[in-house]
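Q: Here is a sequence together with a model predicted from it:
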Amino acid sequence: MKLLLRILAYSLIALTLFCASIVLFAVSDEPDVQLGWTLSPDKIARAKKILHEGSKTKPDEIGTIELSGDDLILAANYLLNRYSKSAVDISLKENKLKFIVTTTLPKNKLGKYLNITLRLGNVEGHQLPTITKFKAGSLLLPSYLAALAIDWGISHSQLNNYFILATRPIKAVDISAEKIVITYFSSRESLIQARNFLTYNGENPPPDIYREKLAEAIAKHDPKWRLSLAELLQPLFALALQRSTPETAVAENRWAIAAVNDYINRFDPEQTRHAPYHPVFLYKRTDLAQHFVSSAAITASVSVQVSEAVGVEKELHDAQGKSGFSFVDLAADKAGTRFGLMATAPESAQKFQQAMANIKDYQAFMPDPSDLPEHMSTEEFAKRFGSTQSAEYQKLSQEIEARIAAAPIYGQ
């Protein structure tokens, strides 16, 4: 027994020293990988394609995915930047996968960045790659201790559910100098779990009380008039205010947004057998309500950067079709992004609930965009604005953001 306790004590000491080494050597004021990675429309489209590659395989069938080094860099940067400003460099060499990761830390006295270098390789007797090298800044640390600490860190963080969903279907990973080949098997049950988890960012779907409040608000609506988005958001945020504590306000606001988004953008026509469905409007347009709420939901469950990139990407795609590029739609996207950000920021969540509980109409959170240009073809957009990086485009984009910032709800 004494020997067992001694081994346990030594193990805890070793783990403590390991964690202390990471803090002392991995935190720095200089990044190992230069930041500034941005989500252009082309990059986000490619990243989404890579991350959804596995969906081509039917449930309960074995599939494979081949990814180059560039594919891995794009997907990794896309995922990490959902949480904080980060950068990842990945290289394939000698049948090993090397990651150099820099992520921005909250304000502290030790340093601005966390720098980690990690190498994975195929080891005989293991189907999945294992850690073969680990560096915290410039300090080389034992790989087995690194694996232990990483497993513990993931299991005690918000990444745990993502990690389980991502790794559970993987059966083998083969690393070569040119690419990696992933063999996976996804059951129907695991695919449903993944879809539900990603929809609500790891939280459960909105509680029934939010759906009931939504149904109550719709039942009160006079069908002779258009159903305003404010008629749905106001009572749900009033409910969130009643239910919230400082610790739960963010989650309650996410549920309120998700419930409205489910009604507007994911409504099942079969539900009309139980209750009438009314289109939801902003400024006499249903598409603006759809843009606004979907952007708010994406921001609340993912990030501002992803929400903004998705909005621009969609408008550029629409410019090639009948609807054309619309700054009106883009204004609704931007307003929804601001709405989702303020609703789920810990420092503003409860104040935002109070403000939303007392709104009179949707002008409180969505300025009138009707004077903005829309229905522009690709050719017309290029003629008037050149690209989304031009001075003309940026000027109008900033004007839209100024209008949104001046809306009453965002001055709280």
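A: Great, that's in hand.
Q: what's the spacing between Q398 and P373?
A: Computed as CB to CB, to the nearest Å, the Q398 to P373 distance reads 15 Å. Where you see a C-beta, it was placed from the backbone N, CA and C, and this is true even at glycine.
Q: Compare these two (neighbour count), which wins?
A: P373 (15 against 10; other CB atoms under 10 Å).
Q: secondary structure element for the residue nearest to Y78 when sequence neighbours are not counted?
A: Of all residues not flanking Y78 in the chain, A47 sits nearest, at 3.8 Å (CB to CB, 6 or more residues apart in numbering). Following DSSP states H and E, one finds A47 within helix 41-51.
Q: Name every strand pairing with whichever helix or strand comes after that helix and say which way it goes.
A: Reading on from helix 41-51 to the C-terminus, the next helix or strand found by DSSP H and E is strand 62-68. Applying DSSP bridges, strand 62-68 is found paired with strand 179-185 (antiparallel).
Q: for the record, mean pLDDT for the strand it pairs with?
A: Computed over strand 179-185, the mean pLDDT rounds to 74.
Q: ditto for stretch 399-412
A: Mean pLDDT, computed over stretch 399-412, is 90.
Q: hmm, who's touching it?
A: The set of residues that contact stretch 399-412 without belonging to it, under CB atoms under 8 Å, 6 or more residues apart in numbering, is 327, 330-331, 334-335, 338-339, 342, 348, 351-352, 354-356, 359, 363-367, 369, 372.
Q: could you flag which of those are buried?
A: Restricting the contacts of stretch 399-412 to buried positions leaves 327, 330-331, 334-335, 338-339, 342, 348, 352, 355-356, 359, 364-367, 369, 372, with burial counted as 16 or more other CB atoms under 10 Å.
Q: Which of the residues you listed fall within helices?
A: Assigned to helices by DSSP state H, the following of these qualify: F327, L330, A331, K334, A335, R338, F339, M342, F352, A355, M356.
Q: Look up how far A349 lies from the last one.
A: Read that as M356. Remark: distance between M356 and A349 (CB to CB) = 11 Å.
Q: any common contacting residues for these two?
A: Common neighbours of M356 and A349, counting by CB under 8 Å, 6+ apart, are A343.
Q: L141 touches I131, doesn't it?
A: No. Between L141 and I131 no contact is recorded; they are 10.1 Å apart, counting by CB atoms under 8 Å.
Q: T378 and I131: what is the separation?
A: Taking CB to CB as the measure, T378 and I131 are separated by 47 Å.
Q: same deal with T344?
A: Note on T344: its distance to I131, by CB to CB, is 34 Å.
Q: Looking at the two, which one has more neighbours?
A: With other CB under 10 Å as the criterion, T344 and I131 differ in neighbour count, and T344 comes out ahead with 21 against 18.
Q: just checking, the more buried one touches E252?
A: No. Judged on CB under 8 Å, T344 makes no contact with E252 at a distance of 10.0 Å.
Q: tell me the angle of the host helix or strand of L72 relative to strand 62-68?
A: Assigned by DSSP H and E, L72 belongs to helix 69-80. Relative orientation of helix 69-80 versus strand 62-68 (axes from the mean of the first three to the mean of the last three CA atoms, to 10 degrees): 100 degrees.
Q: partners of the following helix or strand past helix 69-80, with directions?
A: Sequence-wise, the next helix or strand downstream of helix 69-80 (DSSP H and E) is strand 86-93. In the sheet containing strand 86-93, the strands it pairs with under DSSP bridges are strand 96-104 (antiparallel).
Q: in the strand it pairs with, what's buried?
A: K96, L97, K98, F99, I100, V101, T102, T103.
Q: now do stretch 376-389
A: Counting neighbours by 16+ other CB under 10 Å, one finds that the buried residues in stretch 376-389 are M376, F381, F385, T388.
Q: need the contact list for I209.
A: Taking CB under 8 Å, 6+ apart as the definition of contact, the neighbours of I209 are L239, R243.
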